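In: Build the 3D model from these lines:
(one chain, ligands or ions: 1)
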Amino acid sequence: MSVTFCNLVLDHPVINGSGTFDAIAARRAFGDALLERFPFAAFVSKTVTVATRQGNPPERLWELPGGLMNSIGLPNKGLERFLAEDLPELAAMPVPVIVNVMGCSRGEVSASVEAFDGRPDVAALELNVSCPNVETGLVMGADPWELSRLLEAVRPLTAKPLIVKLTPNATDVAEVARAAEAAGASALSLINTLRGMALDPVSGEPWLGGGTGGVSGPAIRAIALAQVHSVARSVELPIVGMGGVQCGQDALDLMRAGADLVAVGTESFRDPAAGLRIAAELDQLLANSAV
Ligand code: RRO
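Out: Numbers count the residues shown, from 1 in each chain. Got it, this is the predicted structure:
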């Protein structure tokens, strides 16, 4: 099931969604067994910002009948410590490393892209564009103009593949996708989580510390399918499809809608080996459908 994606040769088409699998913690928990049976064909890091961030106050999670809602708020150790402490550990994984970066200004994203450009152990960068630009107030990935300006700033800074992770919280995701393609994106990934809210049943106040949260899991699978289908018909770029994938059939559906790779997110919290299982199920389904 080997696939080539942005010049990366991968063993199979299943990777992880950013922030849904902590490979460093998994290595501590499972030891070398993790390296022998790594669940994904490439590893996408959690989001890195230039400055250290504590993340949102609790509560950070709310379980839904068909998924999960999170308001994590990008806690991370910041660019310098990620480069010094985490990247060497991630580089020891048996698959290519894709680093997910986010910034709230073009300058901040540029600083991260420049810093990772010099690191041969980084195979590609994924730009998380769900953050509002502090200068304009517009969510970079929800506005075609904003996204074009961002890509025009960062594209010249690296020859590495730039995967733009689109937000589903946009008026027309296909229009944003076309803007990303025109401004030099190498690939697109979608969907990120959909904005939602839960109320504390006693106080009636928002349950999540961040007020609203991102809905993921099977509840959003049909939305992911529709958005991947729409984007795939609007651009020529390779696509990483994700949203509620729990089994090989879900992965196959996203590929039939136009995805080249499929990412697993929420399902990995239930089953850390889900990536390998889904890849094997997908392999079986593709073999059957080829007959
Ligand atoms: O950290 C988060 O709360 C978070 C991020 Br950066 C994201 O891109 N998507 C999400 O559901 N949560």
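In: Of all the residues in the stretch 1-150 of the chain, which one is nearest the ligand?
Out: Using C-beta to the nearest ligand atom, the single residue of the stretch 1-150 of the chain nearest to the ligand is Ile72, 3.4 Å away. (Glycine included, C-beta is placed from N, CA and C.)
In: and stretch 68-83, which residues are buried?
Out: 68-74, 76-77, 79, 82-83 (16 or more other C-beta atoms under 10 Å).
In: what sits against the residue of the stretch 1-150 of the chain closest to the ligand?
Out: Contacts here follow C-beta atoms under 8 Å, 6 or more residues apart in numbering; on that basis Ile72 touches 19, 55-56, 60.
In: looking at those, which has the most residues close by?
Out: Neighbour count (other C-beta atoms under 10 Å) singles out Gly19 as the most crowded of the contacts of Ile72, with 20 neighbours.
In: Go ahead and confirm that residue touches Phe43.
Out: No. The pair Gly19 / Phe43 is not scored as a contact, 11.9 Å apart, by C-beta atoms under 8 Å.
In: that older thread, mind checking the SS state of the residue of the stretch 1-150 of the chain closest to the ligand?
Out: For Ile72, the assignment made with DSSP: H, G, I helix; E, B strand; the rest coil gives coil.
In: mind checking how far it is from Gly107?
Out: When C-beta to C-beta, to the nearest Å is the yardstick, Ile72 and Gly107 sit 24 Å from each other.
In: Arg277 belongs to a helix?
Out: Yes. Judged by three-state DSSP, Arg277 forms part of a helix.
In: And Gly137, what's its pLDDT?
Out: pLDDT recorded at Gly137 is 77.
In: burial of it, as a residue count?
Out: 8.
In: gap between it and Ala198?
Out: Gly137 sits at a distance of 26 Å from Ala198 (criterion: C-beta to C-beta).
In: got it, and Gly103?
Out: As for Gly103, its distance to Ala198 is 29 Å (criterion: C-beta to C-beta).
In: Give me the more crowded residue out of the two.
Out: Using other C-beta under 10 Å as the criterion, Gly103 and Ala198 rank with Gly103 on top: 27 against 18.
In: who's in contact with the residue in the chain positioned nearest to the ligand?
Out: The minimum distance from the chain to the ligand, using C-beta to the nearest ligand atom, falls at Gly214 (2.8 Å). Each residue near Gly214 by C-beta under 8 Å, 6+ apart is listed here: 69-71, 192-196.
In: Tell me the confidence at it?
Out: Note on Gly214: pLDDT of 95.
In: who does it bridge with?
Out: Residues found in beta-bridge contact with Gly214 (criterion: DSSP bridges) are Asn70, Arg195.
In: Dump the C-alpha coordinates for stretch 218-233 into CSV.
Out: In CSV, the C-alpha atoms belonging to stretch 218-233 read as follows (Å, rounded to 0.1, in the frame of the first residue of the first chain):
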residue,chain,number,x,y,z
PRO,A,218,-17.7,10.2,14.2
ALA,A,219,-20.1,13.1,14.7
ILE,A,220,-18.2,15.1,12.1
ARG,A,221,-17.4,12.3,9.6
ALA,A,222,-20.2,13.2,7.1
ILE,A,223,-19.0,16.9,7.2
ALA,A,224,-15.4,15.8,6.6
LEU,A,225,-16.5,13.7,3.6
ALA,A,226,-18.5,16.6,2.1
GLN,A,227,-15.6,19.1,2.6
VAL,A,228,-12.9,16.7,1.2
HIS,A,229,-15.2,16.0,-1.8
SER,A,230,-15.7,19.7,-2.4
VAL,A,231,-12.0,20.6,-2.0
ALA,A,232,-10.8,17.7,-4.1
ARG,A,233,-12.9,18.9,-7.0
